[in-house]
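Asker: Okay, structure incoming, though there's no sequence with it:
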């Protein structure tokens, strides 16, 4: 009979949780936490998971979400400015036609 201390069955609860990402929040939850849209107890869990547990998977997802949100902010700002410019031009064109 083999000795179980040889490592064939060696595992820990923490190892299983990490491998199967049991405690990892969904990316939507990570984004909501980033934007301040979670109840305090849920936000505290996400902070613990990222800061204390230092989950490498969720840290990478959180960083990616931050980058995507920043890109969307920049893009949306440019889109809004372009839309405002088009509305202004079309309004001016319309008013010229009405006056003339």
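Answerer: Yep, that arrived. This one's a predicted model, so the numbers in the text were calculated from it and none came from an experiment. Residues are numbered from 1 along each chain as shown.
Asker: quick one: low-confidence parts of this structure?
Answerer: Residue ranges of the chain with pLDDT under 70: 1-9, 77-78, 100.
Asker: Going by residue numbers, what spans are helices in it?
Answerer: All helices of the chain, identified by DSSP state H, fall at 13-20, 27-34, 40-47, 56-99.
Asker: Quick check: which of those is buried the most?
Answerer: helix 27-34 (a mean of 17; mean count of other CB atoms under 10 Å). For every residue, glycine as well, the C-beta is placed using N, CA and C.
Asker: so what does that helix touch, helix or strand wise?
Answerer: Helix 27-34 sits against helix 40-47, helix 56-99, with contacts defined as 3 or more CB pairs under 8 Å, 6 or more residues apart in numbering; DSSP states H and E.
Asker: now for these, which one comes closest to residue 34?
Answerer: For residue 34, the closest of those is helix 56-99, at 6.3 Å, according to CB to CB.
Asker: relative to helix 13-20, how tilted is the closest one?
Answerer: If you take axes from the mean of the first three to the mean of the last three CA atoms, to 10 degrees, helix 56-99 sits at 40 degrees to helix 13-20.
Asker: now helix 56-99 and helix 27-34, what's the angle there?
Answerer: Helix 56-99 runs at 70 degrees relative to helix 27-34, counting by the same axes, to 10 degrees.
Asker: still on that earlier bit, for the helices and strands packed on helix 27-34, give me CSV that also has distance to residue 26.
Answerer: Below are the helices and strands packed on helix 27-34 laid out as CSV (distance: least, CB to CB, whole Å):
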stretch, distance to residue 26
helix 40-47, 11
helix 56-99, 9
